[in-house]
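Peer 1: Sequence and predicted structure below; questions after.
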Amino acid sequence: MVSRPLVFSLAVYGAPFSAQASQTAYAFAKALIDVGHRLERVFFYQDGIHAANVLAVPPQDEENLTEAWHSLAREHQVELVVCIAAALRRGLLNGEEAQRYGKPASNLAPGFEIAGLGQLLEAAVTSDRLITFGA
Amino acid sequence: MSTLHTVNKSPFSHSTLASCLSICQPGDALLLIEDGVYGALASSPQAEQLRAVHAKGVRVYALEPDIEARGLVGRRLDEVELSDYAGFVRLSSELRCVQSWY
């Protein structure tokens, strides 16, 4: 365990299945928690938001990153934040947004919340480290 | 302020490694991840530049699981050390600033 624990936040820009970013970020997240650091927030931006789609059905022999993020967040009180502007234009909505725009369904996975880009800025200011995983 | 640079693109298809190497300062560290690990090869277009930067005092690492996933075990330059994810975490806490090149 590390002698001086730090607060980390991560920014994920790549979609699962088309970039490695989400997988790398998840492995990094587990590793930092394992050695005793704190993971405060993971911010999903641009195509990274696809990691929060509850309707994605990856093959059974592949890791389900959406569920993996959710359980990591539940066990270690991590905020999983999806950028609202990136999410809405890609058809990722929570119940409230689906209702607001008259859409027939919502698909934001449990454990994730939709919020503004300000949450990324706040993570950059309040965390000891912000690590970006680009597409 | 020393910086950890991560590069996730292959130098055979992108210029991110070249850009990164051109601004690395002594005391910085460079970690090759994802397709960036192709930059650890002796045949990489940036191999000479990487050697020169290493000689100036920049530590260079490649993420071991990504090296293994691409069949590059035993094919890296002597200047490039292997790191696992715990090493990635250690580097990012040691160095004050982390710059991702992608």
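Peer 2: Received the coordinates, thanks.
Peer 1: count of neighbours near residue B:94?
Peer 2: A count of nearby residues for residue B:94, using other C-beta atoms under 10 Å in any protein chain shown, gives 10. (C-beta placed from N, C-alpha, C; glycine too.)
Peer 1: Distance of it relative to residue B:88?
Peer 2: Residue B:94 sits 11 Å away from residue B:88, going by C-beta to C-beta, to the nearest Å.
Peer 1: helices or strands up against the biggest helix by length in chain A?
Peer 2: Assignment by DSSP state H gives helix A:21-34 as the longest helix of chain A. Packing contacts for helix A:21-34, counted by 3 or more C-beta pairs under 8 Å, 6 or more residues apart in numbering or on different chains; DSSP states H and E, involve strand A:7-12, strand A:38-44, helix A:65-76, strand A:129-133, helix B:85-94.
Peer 1: what about the third one and chain B, any contact?
Peer 2: No: contact of helix A:65-76 with chain B is not found when judged by C-beta under 8 Å from any C-beta of the partner chain; the minimum separation is 13.9 Å.
Peer 1: Stretch A:2-18 now?
Peer 2: Yes: using C-beta under 8 Å from any C-beta, stretch A:2-18 reaches chain B at A:2, A:6, A:8, A:13.
Peer 1: Quick check: buried residues in that stretch?
Peer 2: By 16 or more other C-beta atoms under 10 Å in any protein chain shown, the buried positions in stretch A:2-18 come out as A:8, A:9, A:10, A:11, A:12, A:13, A:14, A:15, A:16.
Peer 1: So of these, which two are at opposite extremes in space?
Peer 2: A:8 and A:15 (22.0 Å; C-beta to C-beta).
Peer 1: can you list the residues of chain B near chain A?
Peer 2: Counting by C-beta under 8 Å from any C-beta, chain B sits next to chain A at B:8, B:33-35, B:65, B:84-86, B:88-90, B:92-93, B:98, B:100-102.
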